[in-house]
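Asker: No letters, just coordinates:
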């Protein structure tokens, strides 16, 4: 079974360099990226689409599905990492955001620590493992999942390391795996094991 994982198109918040919540539309560039992605995916015999219910992911999935016309469902398992509520809408380079991010980084290996109401590593790992378990149950040969950059990195780290993944090890993945808007990642489930086949292919963007 092949699972094609894609990050949503550029959002307005991405373009404005601010912290995102669950609201917020795709930018004009993001819509164009999703259109290019739809054309690229039309050459793959996909059977269905699962999307994060977050607006920017749903808009990306809808643009793709105008081209593909496949069964489309939403799953909260593939939403983006929940950011502290008080940081949503704040510029990424603002003192409030940079100070909060530093505190979260300093305490990242403490699975019981939270800055406020965000998801920490332990929360994300649990959700990623559950997402992989859910995907492994499918009888589809080729599925598309529309998700988000930070969560995608955790998911791929779990593909590689499984339940053995620690927060300290994940920080290495986080610093080296970069996800482009509408980049395609392919994982394969075979003989009860996950394999990473392709990471962040964005050649459709030129």
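Answerer: On my side now, so go ahead. Just so it is clear, the structure is predicted and the values come from calculations on it, not from any experiment. Numbers count the residues shown, from 1 in each chain.

Asker: quick one: the strands in the chain?
Answerer: For the chain, the strands defined by DSSP state E cover 2-7, 48-51, 72-74, 142-147, 184-190, 193-201.

Asker: Would you list the strands that the fifth one pairs with, along with their directions?
Answerer: If I follow you right, that is strand 184-190. Looking at strand 184-190 with DSSP bridges, its partner strands are strand 2-7 (antiparallel), strand 193-201 (antiparallel).

Asker: Give me the residue at the spatial middle of this protein.
Answerer: residue 148 (2.4 Å; C-alpha atoms, centre = their mean).

Asker: Just list the residues touching the nearest residue to residue 111 once chain neighbours are set aside, thanks.
Answerer: Once flanking residues are discounted, residue 111 sits nearest to residue 122: 3.9 Å by C-beta to C-beta, 6 or more residues apart in numbering. Bear in mind the C-beta positions are built from the backbone N, C-alpha and C, glycine included. The contact partners of residue 122, taken as C-beta atoms under 8 Å, 6 or more residues apart in numbering, are 111-112, 167.

Asker: Comparing the strands paired with strand 184-190, which stretch has the densest surroundings?
Answerer: Most buried of the strands paired with strand 184-190, by mean neighbour count (mean count of other C-beta atoms under 10 Å): strand 2-7, with a mean of 24.

Asker: Just want the angle from that one to strand 142-147.
Answerer: Taking axes from the mean of the first three to the mean of the last three C-alpha atoms, to 10 degrees, one finds strand 2-7 and strand 142-147 inclined to each other by 20 degrees.

Asker: got a list of contacts for strand 2-7?
Answerer: 37, 41, 44, 46, 60, 135, 141-149, 152, 155, 179-189, 197.

Asker: Just give me how far it sits from the chain centre.
Answerer: 9 Å (C-alpha atoms, centre = their mean, to the nearest Å).

Asker: ditto for stretch 150-164
Answerer: 11 Å.

Asker: same question, stretch 25-38
Answerer: 16 Å.

Asker: Show residues contacting it.
Answerer: Under the contact criterion C-beta under 8 Å, 6+ apart, stretch 25-38 has outside partners 6, 8-12, 14-15, 55-56, 59-60, 63-68, 181-182, 184, 204-206.

Asker: For PyMOL, write the selection for the buried entries among those residues.
Answerer: Here is the PyMOL command that selects the buried residues among the contacts of stretch 25-38 (16 or more other C-beta atoms under 10 Å):
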select buried, resi 6+8+9+10+11+12+14+55+56+59+60+63+64+65+68+181+182+184+204
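
Asker: Which positions in the longest helix seen in the chain come out as buried?
Answerer: Counting residues, the longest helix found in the chain (DSSP state H) is helix 121-136. Residues of helix 121-136 classed as buried by neighbour count (16+ other C-beta under 10 Å): 121, 124-125, 127-129, 131-132, 135.

Asker: Thanks a lot, catch you later.
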